[in-house]
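Asks: following is a predicted model, sequence given first.
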Amino acid sequence: MGRLDGKVAIITGGARGQGEAEVRLFAAEGAKVVFGDVLHDLGEEVAADVGSDVHYLPLDVTDPEAWQAAVAETVDRYGAPDALVNNAGVLRFGVSMVDTSLDDYMQVININQVGVFLGMKYTVPAMIEAGGGSIVNISSTNGMAGYGGTVAYTASKFAVRGMTKNAALELGRHGIRVNSIHPGGVDTPMTAPETLGDTITEQDQAASYAMVPLGRPAQPIEIARLAAYLASDDSSYSTGAEFIADGGMLAGVVNPEV
């Protein structure tokens with residue numbers, strides 16, 4: 001038996017990277033999964049590869065109507081959702097606050113922050129009707145501390161942390177738990193130097209990870225395992241909490257001489 005047997009999950013940003021790892025692991029653990037993305041070809045490929053208990057649908061997380069349709073389709077196809085993983089996100093890196101345009105700032109805020117709000121807003125009623133559930137919001141170490149050149153990303157991830165706590169306070173009486181995950185660097189397309197443009201080189205990134213106590217970025221499956229734990233009944237007394245998976249990044253600075 002899988003730890004998610006009999007559960008129905010909605011996962012955003014599931015077409016690649018960390019979201020794809022979550023889709024595959026949740027299905028392997030017995031859940032029926034509906035996942036959304038704006039990368040439609042990749043999403044269809046993942047769904048076809050994983051199997052019949054996984055369904056892909058186009059989902060722009062900034063669109064309220066798309067969220068309502070996604071929840072309705074989940075209920076019609078598999079039943080009320082027991083788990084929601086707000087995973088979709090974007091990163092803008094290496095641009096100072098004064099050089100960040102309002103349009104660029106708001107793009108990050110709308111996807112990373114508003115998308116999480118809308119996901120909870122439109123999924124919670126179905127969860128309440130079903131008697132409870134678990135919401136897992138993907139934040140970041142940037143939701144615990146700043147990092148120069150990431151003003152919009154850091155603001156959005158602090159907001160996810162705050163919304164998680166507020167939702168946990170409101171939803172506990174309905175049997176809904178809400179927690180946030182705070183990864184450090186994760187080896188995904190979003191954080192690849194070629195995606196980030198000329199803001200960081202592979203050498204710079206490797207040197208940065210060398211200063212993390214574990215000396216490497218996380219692999220997507222490592223974060224997916226934590227999301228599965230929080231979606232499962234194994235975490236039944238955890239709510240309103242931050243779960244940090246950062247290889248020791250926030251512990252301090254490694255002294256290479258010691």
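Replies: Thanks, I have it. None of these values were measured; they are calculated from a predicted model. Residues are numbered from 1 along each chain as shown.
Asks: only C-alpha atoms from now on, for both contacts and neighbour counts.
Replies: Fine.
Asks: V75 against P81, yeah?
Replies: Yes - in this structure, V75 is within contact of P81 by CA atoms under 8 Å, at 7.0 Å.
Asks: check V212 and give its pLDDT.
Replies: At V212, the pLDDT value in this model is 89.
Asks: neighbour count for V75 and P81, which is higher?
Replies: Just comparing V75 and P81: by other CA atoms under 10 Å the higher neighbour count belongs to P81, 26 against 15.
Asks: and the more buried one, how far is that from A228?
Replies: 14 Å (CA to CA, to the nearest Å).
Asks: same deal with V212?
Replies: V212 sits 25 Å away from A228 when distances are taken as CA to CA.
Asks: I'd say M249 and A210 touch.
Replies: No - in this structure, M249 is not within contact of A210 by CA under 8 Å, at 10.3 Å.
Asks: ok, T191 - how many residues close by?
Replies: 17.
Asks: which strands and helices sit next to whichever strand in the chain runs longest?
Replies: When the chain is parsed with DSSP state E, its longest strand is strand 176-183. In terms of contacts (3 or more CA pairs under 8 Å, 6 or more residues apart in numbering; DSSP states H and E), strand 176-183 is packed against strand 133-138, helix 151-171, helix 220-231, strand 242-245.
Asks: which ones are touching A152?
Replies: Shown in contact with A152 (CA atoms under 8 Å, 6 or more residues apart in numbering): R92, Y105, M106, V108, I109.
Asks: pick the one among these closest to E65.
Replies: Nearest to E65 among the contacts of A152, counting by CA to CA, is I109 at 18.5 Å.
Asks: from K121, how far out is that closest one?
Replies: From I109 to K121 the distance is 17 Å (CA to CA).
Asks: and what of G131?
Replies: 16 Å.
Asks: repeat that for I135.
Replies: 11 Å.
Asks: direction included, what does the longest strand of the chain pair up with?
Replies: strand 133-138 (parallel), strand 242-245 (parallel) (DSSP bridges).
Asks: wait, is G247 part of a helix?
Replies: No - going by DSSP: H, G, I helix; E, B strand; the rest coil, the assignment for G247 is coil, not a helix.
Asks: contacting residues around it?
Replies: G247 touches G184, V212, P213, L214, G215, R216, P217, A218, counting by CA under 8 Å, 6+ apart.
Asks: rerun at 6 Å
Replies: Contact analysis of G247 by CA atoms under 6 Å, 6 or more residues apart in numbering lists L214.
Asks: what about the helices in the stretch 51-200 of the chain?
Replies: Assigned by DSSP state H, counting those that start in this stretch, the stretch 51-200 of the chain shows helices spanning 64-77, 102-108, 115-130, 151-171, 193-196.
Asks: buried residues, the third one. List them.
Replies: Of the residues in helix 115-130, those scored as buried under the neighbour-count criterion (16 or more other CA atoms under 10 Å) are G115, V116, F117, L118, G119, M120, Y122, T123, V124, A126, M127, I128.
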